[in-house]
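Participant: Sharing a sequence plus its predicted fold:
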Amino acid sequence: MDALSNLKRGLSADKLQASSDAQPTVQDLNRLLLLQRNLLEKITLNLPLKELLDSLCLEIEGIVGECCASIMLLDKKNGDLNLLSAPSIPKKNFLLLNHLTPGPKARSCGTAVYSDQPVFVINTHTDSRWENAQHIHELMETGACWSYPLHDAANNAMGSIAITSALPRNPSTFHARILESAAYMAGIAITRHFSRVALKDSEQRFAHIVSSIPGVVLQTEFDAMNKPYFSYVSDSVQSLCGVTSVEALTSFKRVWERLHPDDRDMVNGFLSRKPEYGSLWTTECRFFDAQGHIKWIHLASTPEWDKHNKLKRINSIMLDISSEKAAYAQLELAGIAFASTNEGIMVADANNHIVDVNRAYCEMTGYTRDELIGQSPSLFNSGRHELKFIKNIYAIILEQGFWQGELWNRRNDGAIYPQWLNISAVYNTQGNLTHYVNVAADVSNIKESEAKLRHMSQHDALTDLPNRQLFKILLDHVIEHKQNDQRPAVLMIDLDRFKHVNETMGHQAGDKLLIQVAKRLRNVIPDNNLLARVGGDEFAIMIKDCQNQGEAERIAMRLVNALEAAVDLDGHDFFTTASIGITLYPENGFDSETLIKNADTAVHQAKDDGRNNYAFYQPEQTQIIEQWVRLEPELRRALALDQFRVFYQPQIDAMTGQISGVEALVRWEHPENGLMSPGLFLPIIEEIGLMTQVGNWVLEQACAQASQWKDAGYPPFRIAVNLAGQQILSHGFVSVVKELLEKYEIEPDQLELEILENIVMKHADAAKPVLNELRTLGVRLALDDFGTGYSSLCYLKMLPVQKVKIDQSLVRDIPNDPDDEAIARAIIALSHSLNLSVCAEGVETEEQKAFLRGENCDQLQGYLISRPIPAAALSQWLDEHYDLIGKH
Ligand SMILES: Nc1nc2c(ncn2[C@@H]2O[C@@H]3COP(=O)(O)O[C@H]4[C@@H](O)[C@H](n5cnc6c(=O)[nH]c(N)nc65)O[C@@H]4COP(=O)(O)O[C@H]3[C@H]2O)c(=O)[nH]1
């Protein structure tokens with residue numbers, strides 16, 4: 001329907017304001033053209049919509065006269081019409097006019113929009129389309145209202161433009177044209193406005209999206225020469241490649257130069273891909289950022305092709321994946337470590353089901369990876385740990401996050417092995433336990449080495465017996481855990497003169513001897529008792545329960561006997577003996593330290609008692625040992641410091657009283673202690689191996705003195721010198737004697753060498769040839785201290801001795817002890833029967849002298865005649881008893 005017919009439909013004869021319906025004049029048309037031109041100009045200038053529409057309304061009002069122009073717009077949300085521009089309508093009336101819902105009776109504007117037709121109401125008071133507008137009439141003078149719908153780009157009604165007059169009024173054709181034209185232009189202005197707003201919105205949204213993307217958005221196009229250039233680059237390119245988006249847009253090269261040289265060929269290939277590659281291209285490459293650090297980029301692109309399949313454009317996004325790359329590299333590294341480490345690694349989930357294991361773990365356990373996945377670590381249970389222990393481990397892990405320690409586990413083949421295990425709990429970011437990581441090492445080898453080391457450190461390498469340290473530990477253990485009536489005992493066994501074996505026969509022979517000794521001792525001691533080698537030639541035995549002294553004594557006897565049989569050393573029979581010291585718990589000590597120390601002390605007592613013997617600990621021995629320790633270093637220097645002296649004690653003929661000889665006896669003139677007798681220091685000298693040196697020194701002193709006495713005019717008498725075992729067995733001893741005799745021009749039979757009975761007995765094989773040589777030399781030999789040791793008369797027969805010296809212990813109790821008398825009597829008689837002369841030692845009383853003379857003892861020596869005295873004093877004694885000498 002055109003404007004005019006619409007006009008006719010709304011006409012009413014009454015109260016109409018006059019209106020010319022004449023055709024528009026040239027002036028009108030000019031005004032209309034001017035209106036259009038002005039509005040188009042303003043649209044082009046992009047003036048604000050409101051300003052633009054207001055000016056349109058005002059211009060219409062100016063052309064039409066006595067009217068108000070207004071523009072209403074549909075609210076898309078609720079579908080109501082609201083005023084968008086009404087410059088001449090007071091603002092207070094806006095509320096009356098707004099919220100107009102389009103409909104058939106919705107006044108002029110609502111009806112126009114509803115019907116999408118122009119509506120010319122020439123009298124609002126009578127027109128049914130205004131019948132609901134009483135509230136408006138009450139407040140506004142509204143007589144006529146002509147309205148035209150506005151259209152959007154899709155030609156849908158989106159609002160209205162209206163000319164309202166206070167009085168009813170007819171529109172002219174020109175009015176209708178103005179309205180039509182204004183509606184058209186307002187529609188353009190509004191549509192354009194909304195397009196611009198939408199575009200701006202879209203741009204803003206795009207910019208927002210691009211800026212919020214953690215990467216660079218870019219568009220690459222190709223020029224006529226097919227060279228790439230960027231048609232769009234988002235600002236974030238700067239943080240990635242160190243160039244601004246403006247620089248990138250102006251120079252593709254600037255970005256290209258930031259690309260890692262090694263990746264350029266690959267990216268070149270990327271840019272020249274063919275459609276076959278599909279619609280999404282991805283790759284990874286490296287760029288240098290502004291600081292020169294490498295950034296890893298994930299490049300994702302969608303290509304656009306022209307109709308000739310020529311690449312037109314590439315839309316890309318570049319994402320910084322540097323941290324992911326680093327994390328991946330770390331993961332890769334962890335993966336390599338996991339796979340290649342020698343530590344077994346097992347990962348279990350929160351329910352303790354195995355989720356992964358490495359190669360080392362499989363090797364250690366003997367299971368394949370597939371066999372282990374999904375299993376529980378209880379598969380390795382060795383049965384050596386209580387459930388409580390395992391539960392406690394997991395309790396510690398939950399409390400502290402980890403546990404480490406040693407476990408016994410079972411391999412697939414059933415073998416049980418020690419494992420050093422470190423279990424850590426793994427928690428996720430929410431703090432929930434997700435995994436357990438077990439790092440385990442098979443410590444069997446370490447354990448074995450440890451055990452070997454421990455064994456080595458606690459055992460003697462030669463005999464494989466426990467050493468002193470272990471002996472002490474075990475002894476303390478027995479003491480600590482002993483039953484009430486249990487009495488442990490310690491037997492310390494010291495091989496007599498073992499050093500001599502080493503020195504004369506070599507260490508190998510010494511080792512063999514020790515091995516044999518160990519074997520014999522082991523065979524002798526009762527089961528369940530302990531034998532240890534606690535020093536070079538020292539063994540120790542712990543009797544776990546020794547009921548009484550007698551039992552210890554019996555064992556000691558058995559030990560002594562066991563060692564008595566000859567030991568075969570490289571085809572030679574060798575005899576060894578031992579001195580045994582015994583301590584009993586608790587009387588001789590409450591701990592291992594004291595029991596061992598005191599047993600050591602008792603060993604010395606046994607040695608003093610003549611060796612090849614045993615002795616129980618006597619507390620007073622400790623004092624002697626202490627003295628020993630004090631004197632030893634001083635004794636080592638005594639010879640060099642000329643602190644030894646030789647005293648002489650005369651021996652007389654029992655029948656005639658004439659002097660028959662003198663015995664040389666050594667003394668030590670200690671700088672502080674004064675003169676010390678040999679009993680106090682000779683055992684030490686012997687023990688420290690200086691006996692040969694000191695003994696030979698005494699021998700030389702005696703020979704020199706004999707020569708002096710001879711030179712002084714005294715008739716020759718015998719010089720008796722004591723010989724120690726070490727001396728007899730020392731290399732070249734006979735030559736030493738020979739040289740001395742020659743040096744001091746002494747007749748061999750003037751020298752008498754006194755040897756101890758037990759020394760000869762013990763070393764018969766070695767000593768006998770030496771004694772024979774001495775005898776061949778012409779030197780006289782006397783058996784000293786006879787009657788105290790073996791007293792084997794068979795030996796007497798075998799040895800080349802000419803004299804027997806009755807020990808002073810047998811003389812001491814004469815005449816009170818009939819036994820001693822009987823022994824002395826027997827020795828004298830038997831010696832005489834073997835053509836040996838007899839000298840009695842320690843003669844102190846006339847009774848002893850009388851008894852001995854009565855028994856035909858040949859010589860007497862003792863305090864009754866003279867104490868041992870220095871050479872000068874003896875010279876004086878000789879002078880005083882000159883007659884005795886002369887008669888010799
Ligand atoms: N109670 C008492 N004692 C008497 C009496 N007459 C002598 N004596 C002591 O008896 C010991 C005799 O020497 P011996 O039996 O060979 O016993 C010697 C001897 O075996 C050893 N000895 C001494 N000098 C040497 C030495 O140069 N070399 C070696 N190998 N042994 C020596 O030391 C032992 C002890 O020597 P001495 O203390 O000098 O003790 C000496 C002497 O002083 C007496 O009437 N009553």
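Facilitator: Received it, and whenever you're ready, just let me know what you need.
Participant: how much space between the closest residue to the ligand within the stretch 401-550 of the chain and residue 766?
Facilitator: Relative to the ligand, the nearest point of the stretch 401-550 of the chain is residue 497 (14.4 Å; C-beta to the nearest ligand atom). To be clear about C-beta, it is placed using only N, CA and C from the backbone, and glycine gets the same treatment. Residue 497 sits at a distance of 11 Å from residue 766 (criterion: C-beta to C-beta, to the nearest Å).
Participant: ditto for residue 876
Facilitator: Residue 876 sits at a distance of 41 Å from residue 766 (criterion: C-beta to C-beta).
Participant: what about residue 497 and residue 766, which has more around it?
Facilitator: Using other C-beta atoms under 10 Å as the criterion, residue 497 and residue 766 rank with residue 497 on top: 23 against 16.
Participant: My guess is the more buried one contacts residue 724. True?
Facilitator: No: the pair residue 497 and residue 724 does not pass the contact test of C-beta atoms under 8 Å, sitting 10.9 Å apart.
Participant: Contact residues of this protein facing the ligand?
Facilitator: Proximity of the chain to the ligand (C-beta under 6 Å from any ligand atom) is limited to residues 649, 665-666, 677-679, 682, 695, 698, 722-724, 754, 784-785, 808, 841-844, 861-863, 868.
Participant: Mind doing that once more with 5 Å?
Facilitator: Contact residues, the chain versus the ligand (C-beta under 5 Å from any ligand atom): 665-666, 677-678, 698, 722, 724, 842, 844, 862-863, 868.
Participant: Check these for burial and list the buried ones.
Facilitator: Neighbour counting with 16 or more other C-beta atoms under 10 Å marks 665-666, 678, 698, 722, 724, 842, 862, 868 as buried within the residues of the chain next to the ligand.
Participant: and which of those residues is nearest residue 491?
Facilitator: Taking C-beta to C-beta as the measure, residue 724 is the one of these closest to residue 491, at 27.5 Å.
Participant: what's residue 675 in contact with, if anything?
Facilitator: The neighbours of residue 675, taking C-beta atoms under 8 Å, 6 or more residues apart in numbering as the test, are 645, 667-669.
Participant: Out of these, who's the most crowded?
Facilitator: Most surrounded of the contacts of residue 675: other C-beta under 10 Å gives residue 668, at 23 neighbours.
Participant: Kindly state the beta-bridge partners for that residue.
Facilitator: The partner list for residue 668 in beta bridges (DSSP bridges) reads residue 644, residue 676.
Participant: residues touching it, list them.
Facilitator: Contacts of residue 668 (C-beta under 8 Å, 6+ apart): 635, 638, 643-645, 675-676, 678, 680-681.
Participant: ok, 7 Å please
Facilitator: When the contact criterion is C-beta atoms under 7 Å, 6 or more residues apart in numbering, the partners of residue 668 are 638, 643-644, 676, 681.
Participant: and the residue nearest to residue 288 when sequence neighbours are not counted, how many residues sit next to it?
Facilitator: Take residue 288 and drop its neighbours on the chain: the residue closest to it by C-beta to C-beta, 6 or more residues apart in numbering is residue 258, 5.3 Å away. Each residue near residue 258 was counted by other C-beta under 10 Å, and the total is 20.
Participant: contacting residues around residue 258?
Facilitator: Taking C-beta under 7 Å, 6+ apart as the test, what residue 258 contacts is 241-243, 287-288.
Participant: now do residue 214
Facilitator: With contact taken as C-beta under 7 Å, 6+ apart, residue 214 is in contact with 319-320.
Participant: separation between it and residue 208?
Facilitator: In this structure, residue 214 lies at 14 Å from residue 208, with C-beta to C-beta as the measure.
Participant: returning to that earlier point: among the residues of the chain next to the ligand, which one sits closest to residue 231?
Facilitator: The nearest member of these to residue 231, counting by C-beta to C-beta, is residue 724 at 118.0 Å.
Participant: and the residue nearest to that closest one when sequence neighbours are not counted, backbone torsions?
Facilitator: Beyond its immediate neighbours in the sequence, the residue positioned closest to residue 724 (C-beta to C-beta, 6+ apart) is residue 691, lying 4.4 Å away. Taking degrees, to the nearest 10, you get phi -60, psi -40 for the backbone angles of residue 691.
Participant: Low-confidence ranges, this protein, go.
Facilitator: For the chain, applying pLDDT under 70 flags the ranges 1-22, 610-611, 621-625, 758, 761-762, 787-797, 882-888.
Participant: can you tell me which helix in the chain is longest?
Facilitator: Counting residues, the longest helix in the chain under DSSP state H turns out to be helix 173-212.
Participant: Would you mark the buried spots in that one?
Facilitator: Neighbour counts using 16+ other C-beta under 10 Å place 173-179, 181-194, 210 of helix 173-212 among the buried residues.
Participant: quick one: contacts for the residue lying closest to residue 812 once chain neighbours are set aside?
Facilitator: Closest residue in space to residue 812, ignoring its immediate chain neighbours: residue 842 at 6.0 Å, by C-beta to C-beta, 6+ apart. Listed by C-beta under 7 Å, 6+ apart, the contact set of residue 842 reads 808, 811-812, 862.
Participant: Report the contact partners of the closest residue to residue 228 other than its chain neighbours.
Facilitator: With sequence-adjacent residues excluded and distances taken as C-beta to C-beta, 6+ apart, residue 228 is closest to residue 220, at 5.1 Å. When contacts are counted by C-beta under 7 Å, 6+ apart, residue 220 is found next to 228, 230, 313-314, 316.
Participant: Adding distance to residue 604, secondary structure and neighbour count, write those residues out as JSON lines.
Facilitator: Compiled in JSON lines, the contacts of residue 220 are given as follows (distance: C-beta to C-beta, whole Å; DSSP: H, G, I helix; E, B strand; the rest coil; neighbours: other C-beta atoms under 10 Å):
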{"residue": "228", "distance to residue 604": "106", "secondary structure": "strand", "neighbour count": "18"}
{"residue": "230", "distance to residue 604": "105", "secondary structure": "strand", "neighbour count": "21"}
{"residue": "313", "distance to residue 604": "110", "secondary structure": "strand", "neighbour count": "18"}
{"residue": "314", "distance to residue 604": "105", "secondary structure": "strand", "neighbour count": "22"}
{"residue": "316", "distance to residue 604": "101", "secondary structure": "strand", "neighbour count": "23"}
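Participant: tell me which of those is nearest to residue 282?
Facilitator: Each of the contacts of residue 220 was checked against residue 282 using C-beta to C-beta; the closest is residue 316, at 9.9 Å.
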